[in-house]
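Participant: For reference, the sequence and a predicted model appear below.
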Amino acid sequence: MSEKNRDGKRTARERLAVEREKQKAGEKRRRTLIVGASVVCILGLAAVIGVVAANAGKHKGGSAGPAVAPSGAQGKDGLAIPVGKDGARSTLTVWEDFRCPACQAFEAAYRPTLHELADAGKLRIDYHLVRLIDGNLGGTGSLRAANAAACAQDAGKFRDYHDVLYANQPKETDDAFAGNDKLIELAGKVKGLDTPAFRACVKDGTHDSWVERSNQAFGSGGFSGTPTVLLGGKNIYQDQTMTPAKLRQLVEEADRR
């Protein structure tokens with residue numbers, strides 16, 4: 001082999017090594033972002049457990065009236081909003097708070113993979129909406145946003161509106177989602193969602209009591225913070241080795257069985 005060929009192969013190997021290191025660094029940064037953000041939501045949980053119970057029914061549209069589940073809600077007490085096909089071999093259970101920065105970090109990192117797997121019929125996602133940040137920092141933004149998302153579910157637009165809320169999430173200490181006008185404004189980003197029926201549902205707090213019931217179920221479930229992401233009963237969000245690629249591999253392996 002000529003010296004020129006050897007140098008070319010060595011250079012190619014070096015480029016591949018550099019690229020692998022870049023990929024590893026990128027995955028490490030994503031995990032650090034998600035884990036770092038999760039601390040914020042978890043630290044508030046101890047206070048939330050007591051505050052939520054004390055504040056139940058005190059917030060506008062709180063637990064007054066019967067719990068009205070959104071259209072198509074499933075699971076125990078109709079507390080899960082499903083995304084994906086019922087026949088999928090894998091089900092991901094996600095407990096989220098629209099004011100929680102860790103939830104936004106999870107969505108930003110995993111959304112493309114979740115959409116891909118759900119659209120392919122390989123994964124069903126059951127979303128449970130809670131209001132931990134309301135209890136910890138005060139306000140009603142978690143409740144109002146969750147109610148609006150449930151209203152979007154009534155219109156068959158949950159996933160798109162869910163993604164819009166996270167893409168436009170205010171700072172954790174900014175209770176911007178408490179304003180119904182803000183939530184209706186964001187509905188304009190989802191084609192066909194901003195209708196009189198949706199506006200009335202948001203303003204009337206149609207699903208407020210349902211959100212409260214979901215929040216209570218989260219508290220009684222013994223979970224440690226949001227997001228809680230369960231696959232096969234295991235909280236994969238706490239697995240520091242988990243990545244979107246690894247999640248895809250687990251789901252695709254289950255789909256082939």
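Facilitator: On my side now, so go ahead.
Participant: Could you measure from residue 152 over to residue 128?
Facilitator: Applying CB to CB, to the nearest Å, the value for residue 152 to residue 128 is 16 Å. Glycine gets a C-beta too; all of them are placed from N, C-alpha and C.
Participant: which one of the two has more residues nearby?
Facilitator: Ranked by neighbour count (other CB atoms under 10 Å), residue 152 and residue 128 place residue 152 first, with 27 against 24.
Participant: and that one, what element?
Facilitator: Element membership for residue 152 (DSSP states H and E) is helix 141-154.
Participant: now swap in residue 200 and tell me
Facilitator: In this assignment (DSSP H and E), residue 200 forms part of helix 196-204.
Participant: what comes up buried for that helix?
Facilitator: 198-199, 201-203 (16 or more other CB atoms under 10 Å).
Participant: can you pull out the helices in the stretch 151-257 of the chain?
Facilitator: In the stretch 151-257 of the chain, helices defined by DSSP state H, counting those that start in this stretch lie at 158-167, 180-187, 196-204, 208-220, 244-256, listed in chain order.
Participant: So which other helices or strands are in contact with the second one?
Facilitator: When contacts are defined as 3 or more CB pairs under 8 Å, 6 or more residues apart in numbering; DSSP states H and E, helix 180-187 packs onto helix 141-154, helix 158-167, helix 196-204.
Participant: Looking at the buried residues of helix 196-204, which is nearest residue 66?
Facilitator: Closest approach between the buried residues of helix 196-204 and residue 66, by CB to CB: residue 201, at 15.1 Å.
Participant: looking at the chain, which helix or strand is least sure?
Facilitator: With mean pLDDT, DSSP states H and E as the measure, the helix or strand of the chain carrying the lowest mean pLDDT is helix 45-55 (a mean of 37).
Participant: Moving C-terminal from that helix, which element do we reach first?
Facilitator: Later in the chain than helix 45-55, the nearest helix or strand by DSSP H and E is strand 81-83.
Participant: what pLDDT, on average, does that following strand get?
Facilitator: In this model, strand 81-83 has a mean pLDDT of 98.
Participant: Sheet partners, orientation included, of it?
Facilitator: strand 123-129 (antiparallel) (DSSP bridges).
Participant: Run through who's touching the partner strand.
Facilitator: 74-75, 79-86, 88, 90-98, 114, 117-118, 146, 149-150, 158, 162, 211, 214-215, 217-218, 251 (CB atoms under 8 Å, 6 or more residues apart in numbering).
Participant: List buried residues within those residues.
Facilitator: Buried among the contacts of strand 123-129 (16+ other CB under 10 Å): 79-84, 88, 90-98, 114, 117-118, 146, 149-150, 158, 162, 211, 214-215, 217-218, 251.
Participant: now this structure, which segments are flagged as low pLDDT?
Facilitator: Low-confidence segments of the chain (pLDDT under 70): 1-64.
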